[in-house]
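In: Fold the following, please.
(2 chains)
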Amino acid sequence: LLACSSAAGSEMASGMQEKQYTPSLLSFFIYNPKFGPREGEEEKKILFYHPSEVEKNEKIRNVGLCEAIVQFTRTFCPTKPAKSLHTQKNRQFFHEPEENFWMVMVVRNPMIEKPSKDGKPATIEYQEEEILDSVYGAVLRQCYSMYKLFNGTFSRAFEAGGVELLRQKLEKFFYRYLQTLHLQSCDLLDVFGGISFFPLDKMTYLKIQSFVNRVEESLSLVKYTAFLYNDQLIWSGLEQDDMRILYKYLTTSLFPRHTEPELAGRDSPLRPEVAGNLLHYGRFLTGPANLKDPEAKFRFPRIFVNTEDSYEELHLIVYKAMSAAVCFMINASVELTREFCEQLDALVGPQLTLLASDICEQYNINRRISGPEKEPQFKFIYFNHMNLAEKSTIHMRKTASVSLTSVHPDLMKILGDINCDFARVDEDEEIIVKAMTDYWVVGKKSDQRELYVILNQKNANLIEVNEEVKRLCATQFNNIFFLD
Amino acid sequence: TASREQLRVRYGHIIVFLQKGPLVLVSASKSHQSELQLRSELLHVYHQIVSMLTQASINRIFQCRKNYDLRRLLFGSERVLDALLDVMETEAGFLLSAVQCLPLAPSTRDTISQILQKAITPNLVLSILLYNGQLVSIVQEKMVIEDARLKSTDLHLLLNLIRASSAFQTGEIWTPICLPCFNPDCYFYTYVAYLDPPDCTICLVLLSTDKDAFYAVAECKRKIEEGVRTHNALQCISKVQLCQVCHVGVAELRHFLFKPLDVPDHHSQLPQFTSPEVEAPYSTEEKRIYLMDLYWHLHSRIHSTLRPIKLLYHATQRETLLALVTGKFEMYACFSPLVTKSTAIGAVTKLLRWIKKEEDCLFIRSPPKYSTTPPEARGFSNSRVQTNKTLFGTI
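Out: Numbering: from 1, shown residues only, chains lettered A, B, ... in the order given. Alright, predicted model coming up:
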């Protein structure tokens, strides 16, 4: 919105626009009331606080307020702790991932700054109802999951090295991780925390399975394997909850950091080396960047899985060839030597390269059969709670920074509202909305699956919209969704 | 207007805080109402307290004594607030900010309105006749309409106050009542009597600005009683057939709320809505609350402040709901879960047709007026503010 100053020779036009501020992180802290129960000891409760420059007493006050709110709400509902606090200017989200350990995220509400007019100061209007609890609550839970993936649980760190060790780990992890949060682009997909699966024919799937079996047999140290192609999962030996957070790490952090060497020019130093007679495109994404250099030091990131029962600490080896990536997870107590890496490279490199070409070829054949991938006619999001499979034709490539959507953010929020309504009851339901812009949004929930379709058919009525969605379900979802 | 820092905490339960002047109101709820709706309920509770004490006196008391225990003044009126909380859960009037009229043939209603219109006395500003809480007739003083409009909230609170106090059912009552949305700082003097004891279904309410006018206002009541007897109006009223959902002619339709929006402003009528009797499967108190809760939720989605929508269709295992808002009306309909989309959409057309046919009976289009205020007495804000407790006088 730009209003031009009309008076001749007057002051600049800046300050005449309405400025929209998106939601942003105000503060993030982690505390345990048991660590400082007595008066005067409040500072001991605080395990991590961002921004760190905040004055000590203010930190104590903010933590104290959260404690009070949790206590207060317990009187109404002893079994369910407080989840969020809404005020005019911000929202606070609470999460107790482990007993007595609390994580709090404070998000500033989106606001509109209206320019100063007629000598009156600029006014700020807070949009209190804008952000969805379900979305940011999920983002907060994911912060914990990601921390736990690389650091194990809070309790274990405390047991191993007391409050000091825990504080160090939290500081090291969250200082960096919080910078990667892009709160302005969080949406329904964050609520799902799903995994995009790569569509495969049975033959190719079996080839991949047998590849994994062969490697696991030859390299007996490998405990778990996961196979991805093009940022999409094909196979995983990990538990669902562990895989979903590992998947998020791979697709939003690790993969985007590594470019494709085979796309590099002939003289580029990134060109793969010829090893003996075999040319393969395999390389380590974690661990040794250059196997040729015997002096180069390397280490693999450690991850923690099955924290509820067996609590395993593993080396995470991520090995890639063209568009195929394999994760090998090995017990962290084992020392992984250069010899081991060379062995793995020699074994996996050529096989994976071949497999990657096979998959690519098969994929192209399938596409040719099913017809050219024209602009997908339906804008939809699909999620299956049982296997965490997620598909969106609305989101363009999701990178570490921003997830671009091809629909207006208000429509995405309507999807979020529908998802909240679905979450209330565990039954099959259908919700259809006609937005103010005359876009139609259809949400269907059936048997643990959710489908959201956005239709740009302004003159259609409910019946026509219903027919359109039926058509989509028939082609893409094989009549999973049965409601009329 | 509500205070700016409003906290709300949630997990399954929502806890909402509202600050109005020196009072802080807190609500803890398990329902599906949104934060805004709960806040508006708290505001109604606040207004009900104001209707008994006036805002000016509440503010003044706390200014003098910050630790004053307001329960001392509210003693005896807990029943009113309890009744308000109950009625907000089951009646659509609060949700829609509108009142429901008794469906009455226009000729009958006109006759009754004329009776009310003629029974006046100086300083009388409002005459209302109700049957079981539904509006039969409402006649307002001309100047009152010019100064400010009577809001549906005030009427709801007034009716709640009357209904919740069983003392009102014996004889005639003369009591100060504040209409908070109209003017939160002064009292009107309210005459309440039932025209059909002991059934007590037909209630006459007359409001005056003169606290000493009891006898004059009681005389108005006698004139009204006489007029009503002459025209046999009481029988007409009690024989009225209430709306039933089957009248609309859609088998799967279980219940609906309909509020017309295209009301020309100069008619200054109270916003009104219509709705049929609640029938199975929502006949029990519990189910009525459940149904209203569904409507509350539809309403909050349709009228969402930042992303309002035009239409919402929600099919569940228990019922199918349809909410629709246009420039001309808003409606909320509840169908059996087996309804098809085409039937549901068809029902909208049938309902609109039925409403059009019956609208003269269902709505009061232009409320009649009278003139009682002598020119020099204009300006209600000059009225003396009462600080004593509510007076209940039985004569």
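In: Next, count neighbours for residue B:196.
Out: 14 (other CB atoms under 10 Å in any protein chain shown). Using the backbone N, CA and C atoms, a C-beta is placed for each residue, glycine as well.
In: Can you list the buried residues in the helix ranked longest in chain A?
Out: Using DSSP state H, we find that the single longest helix of chain A is helix A:338-370. By 16 or more other CB atoms under 10 Å in any protein chain shown, the buried positions in helix A:338-370 come out as A:340-341, A:344-345, A:348-356, A:358-359, A:362-363.
In: Likewise for stretch A:328-338?
Out: In stretch A:328-338, counting by 16+ other CB under 10 Å, buried: A:328-330, A:332, A:336.
In: Also stretch B:237-254?
Out: B:237, B:240, B:243, B:245, B:248, B:250, B:252-254.
In: One more: stretch B:197-207?
Out: B:202-207.
In: and if you look at stretch A:31-45?
Out: So for stretch A:31-45, counting by 16+ other CB under 10 Å, buried means A:31-33, A:35-36, A:42, A:44-45.
In: cool, and stretch B:331-349?
Out: Buried-residue list, stretch B:331-349, by 16+ other CB under 10 Å: B:331-335, B:339, B:341, B:343-345, B:347-348.
In: who's in contact with residue A:150?
Out: By CB atoms under 8 Å, 6 or more residues apart in numbering or on different chains, the residues touching residue A:150 are A:173, A:301-304.
In: gap between the residue most central in space within chain B and residue A:410?
Out: Residue closest to the average C-alpha location in chain B (CA atoms, centre = their mean): residue B:156, at 2.8 Å. From residue B:156 across to residue A:410, the span is 34 Å (CB to CB, to the nearest Å).
In: got any ranges where the chain has weak pLDDT?
Out: Just going to use chain A. Residues of chain A meeting the criterion pLDDT under 70: A:1-16, A:259-279, A:369-376, A:397-403, A:478-484.
In: that's the wrong chain, I wanted chain B
Out: B:1-11, B:145-148, B:264-268, B:373-395.
In: Which parts of it are helices?
Out: B:35-53, B:55-64, B:71-74, B:78-90, B:92-96, B:106-118, B:142-147, B:152-164, B:214-230, B:233-238, B:285-302, B:341-362.
In: What does whichever residue of the stretch 251-400 of chain A sits closest to chain B show for phi and psi?
Out: Closest approach between the stretch 251-400 of chain A and chain B, counting by CB to the nearest CB: residue A:394, at 16.8 Å. The phi/psi pair for residue A:394 (degrees, to the nearest 10) reads phi -100, psi -30.
In: list the contacts for it?
Out: A:379-381, A:405-407, A:412, A:454.
In: circling back to that earlier point, nearest to residue A:422, out of the helices of chain B?
Out: Closest approach to residue A:422 among these is made by helix B:285-302 (13.0 Å; CB to CB).
In: which residues sit against the closest one?
Out: A:417, A:421, A:433, B:31-34, B:36-37, B:89-92, B:95-96, B:255, B:257, B:278, B:281-282, B:308-310, B:312, B:314, B:319, B:321, B:323, B:325, B:330, B:332, B:334.
In: need the residues of the stretch 151-300 of chain B near chain A, please.
Out: Contact residues, the stretch 151-300 of chain B versus chain A (CB under 8 Å from any CB of the partner chain): residue B:297.
In: Quick check: the residue of the stretch 151-300 of chain B nearest chain A.
Out: Counting by CB to the nearest CB, the stretch 151-300 of chain B gets nearest chain A through residue B:297, at 7.9 Å.
In: go on, the stretch 51-200 of chain B?
Out: Closest point on the stretch 51-200 of chain B to chain A, by CB to the nearest CB, is residue B:85, at 16.3 Å.
In: What sits closest to that residue if chain neighbours are left out?
Out: residue B:45 (7.3 Å; CB to CB, 6 or more residues apart in numbering or on different chains).
In: That neighbour contacts residue B:83, correct?
Out: No - counting by CB atoms under 8 Å, residue B:45 stays clear of residue B:83, with 11.3 Å between them.
In: from what I can see residue B:324 touches residue B:309, true?
Out: No - here residue B:324 does not reach residue B:309: they are 9.9 Å apart, not a contact under CB under 8 Å.
In: show me what contacts residue A:333?
Out: residue A:313.
In: meant to ask about residue B:24
Out: Residue B:24 neighbours (CB under 8 Å, 6+ apart): B:17-18.
In: ok, now the one 4 residues further on?
Out: Residue B:28 makes contact with A:76, B:13-15, according to CB under 8 Å, 6+ apart.
In: Inside strands: which ones of the residues you listed?
Out: B:13-15 (DSSP state E).
In: and chain B, what are its domains?
Out: B:6-88, B:105-239+B:372-391, B:245-362 (automatic domain parsing).
In: which stretch among the ones you listed comes nearest residue A:207?
Out: Using CB to CB, the domains of chain B put domain B:245-362 closest to residue A:207, at 43.7 Å.
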